[in-house]
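> Using only what follows, build the 3D model:
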Amino acid sequence: KFSTWLYRVSLNTVLTFKRRPAKVVTTENFETLPVEAERTHNDEAEALYAAILELKDIDRMLITLHLDGYENEEIADMAGLTKNNTAVKLHRIKEGLIRKLKDF
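Numbers count the residues shown, from 1 in each chain. As a prediction, this is how the structure comes out:
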């Protein structure tokens, strides 16, 4: 499938880019966001996003693809895993996120 191939090429490009030395990013522009934009953020969504950012790279990729609506078979093809392994990993990732967010 072309979309699977394209996603895999994109993923490999990102992984290659991540291996390069990190560049320093300033947050000056983020401080100038309108107050209304800050209010529209949902606290629960922010907590989920923060929890996802704490995941290992592969786990973050798997859950992001799942949340983007990809089927387990497509995710497996993109990640180079079996469909069953992908399903198990996604289940464990979801359980871990639920545990992290249960007190929220």
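
> which residues sit in contact with residue 96?
residue 55 (C-beta atoms under 8 Å, 6 or more residues apart in numbering). In short, each C-beta sits where N, CA and C put it, glycine included.

> which SSE is residue 84 in?
Using DSSP states H and E, the element containing residue 84 is helix 83-101.

> got the buried residues for that helix?
By neighbour count on 16 or more other C-beta atoms under 10 Å, the buried set for helix 83-101 is 86-87, 89-90, 93, 97, 100.

> could you dump those residues to JSON lines with distance to residue 56 and pLDDT?
Shown next, in JSON lines, are the buried residues of helix 83-101 (distance: C-beta to C-beta, whole Å; pLDDT from 0 to 100):
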{"residue": "86", "distance to residue 56": "15", "pLDDT": "95"}
{"residue": "87", "distance to residue 56": "18", "pLDDT": "95"}
{"residue": "89", "distance to residue 56": "10", "pLDDT": "96"}
{"residue": "90", "distance to residue 56": "13", "pLDDT": "94"}
{"residue": "93", "distance to residue 56": "9", "pLDDT": "94"}
{"residue": "97", "distance to residue 56": "13", "pLDDT": "91"}
{"residue": "100", "distance to residue 56": "14", "pLDDT": "90"}
